[in-house]
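[1] With the input below, show me the fold.
(one chain, ligands or ions: 1)
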Amino acid sequence: MRAAARLLAVLMLVTAGSAAAQEKHLIDRTRPGSLDPKPLPPLQNPDAPSTPAKELFARKSTPFPGPPRSIGGYFDGCLAGAMPLQATGPTWQVMRPSRNRNWGNPQLVRFIERFANNAKKTGWNGLLVGDMSQPRGGPMLSDHTSHQVGLDVDIWFTPMPDHVQSREEREFGSATDVVAPDLRDVDPKVWTHAHTELIRTAAQDPAVIRILVNAAIKKALCREAGADRAWLFKVRPWYGHAEHFHVQIACPADSAECKPQRPPLPSDGCGHDLEFWFQESTLHGPPSKPKPPLTLAGLPPACKQIVKAP
Ligand SMILES: [Zn+2]
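    Okay, the predicted model is just below:
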């Protein structure tokens, strides 16, 4: 009886341990959506300078009219003249529509359409598109620090199914985690060479400046890239990003207020560059302490006008 109890305790520990490991690389796990999203309650004091900007931007369900403008930085900006990505295209489908985050600078929408079409030519059935930006960009209540200027998009590692998905499938379908449980490589049970070709296709688009993937995925890309490695420098390791990859496009030429991010170093980022990411402390360490939420004072002044407009 005692032995049985001990065995049970050990089993429970093992289960808890592997659950923790799962949580670790799924820090940005794809959460289910909703068939009946509730509007957010009105803010008590929307004009208080301490009001987190994410509370204001999350309450805007329509874009700011006028010409497209990506304003400020990817981590501290907003978006005017946003356009939505159509929920269903010939080679893509928008996931989690209840989040209302399928908005972007028109250049991002055009990129996604182009990328979906080019990916199809490599044999990828179609894109499942995760978060882009909110209708007016800005910080979000959950899941991202970037995605603020309508120039970022998350693409699932799951290929699009052959049918037009129902609302239920889009809200509750789960994304494929392509990283092995020990976090040291991709999971050969789900990773395919088609994933490499998919990321290569995105990276080769001239509008793309950076792609973020889990370090285990970067390691696989380094191994599978072959002779043509010029695109690899754009693909950078980051925490999480095991169920989707994050694509960032450049500030459009007509967005004079857009603050460009420093491009990645031109080296391919393979080999020694990846060692840091596979140290125990990095694999299992928290990505960073959360910063205090941005207020409107931390965004370009134009963003205040954009989020305050009806
Ligand atoms: Zn992202």
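
[2] tell me the phi and psi of residue 119?
    For residue 119, the backbone dihedrals are phi -70, psi -40 (criterion: degrees, to the nearest 10).

[3] ok, it - contacts?
    Residues in contact with residue 119 (CB atoms under 8 Å, 6 or more residues apart in numbering) are 91, 126, 127, 197, 198, 201, 202. Every C-beta, even on glycine, is put in place using the N, C-alpha and C of the backbone.

[4] The third one - how many residues pack around it?
    Around residue 127 there are 28 other residues, counting by other CB atoms under 10 Å.

[5] how deep is the residue nearest to it when sequence neighbours are not counted tucked in, by neighbour count?
    Spatially, and ignoring its direct neighbours in sequence, residue 127 is nearest to residue 92 (4.1 Å; CB to CB, 6 or more residues apart in numbering). The tally of other residues near residue 92 (other CB under 10 Å) stands at 23.

[6] same deal with residue 49?
    Using other CB under 10 Å, residue 49 has 8 neighbouring residues.

[7] mind checking how far it is from the ion?
    Residue 49 is 29 Å from the ion, where distance means CB to the ion, to the nearest Å.

[8] Surely that residue and residue 294 touch.
    No. Using CB atoms under 8 Å, residue 49 is not in contact with residue 294, being 12.0 Å away.

[9] Let me know how buried the residue nearest to residue 40 when sequence neighbours are not counted is, in neighbour terms.
    What sits nearest to residue 40 in space, not counting adjacent residues and going by CB to CB, 6+ apart, is residue 59, at 5.5 Å. Neighbourhood size, residue 59 [other CB under 10 Å]: 17.

[10] so residue 59, which of the three states?
    Three-state assignment for residue 59 (DSSP: H, G, I helix; E, B strand; the rest coil): coil.

[11] need the contact list for it.
    Applying CB under 8 Å, 6+ apart to residue 59 gives the contacts 40, 42, 43.

[12] would you turn those residues into TSV with neighbour count?
    As requested, the contacts of residue 59 are exported to TSV (neighbours: other CB atoms under 10 Å):
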residue	neighbour count
40	11
42	7
43	13
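
[13] For the ion, state which of those residues is nearest.
    Checking those against the ion with CB to the ion, the nearest one is residue 40 at 21.9 Å.

[14] list the contacts for that closest one?
    55, 58, 59.

[15] need those residues in CSV with distance to the ion and pLDDT, can you?
    Shown next, in CSV, are those (distance: CB to the ion, whole Å; pLDDT from 0 to 100):
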residue, distance to the ion, pLDDT
55, 21, 97
58, 17, 97
59, 22, 97
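
[16] Check the secondary structure at whichever residue of the chain sits closest to the ion for me.
    Proximity of the chain to the ion (CB to the ion) peaks at residue 246, 3.4 Å away. Under the three-state scheme (three-state DSSP), residue 246 adopts strand.
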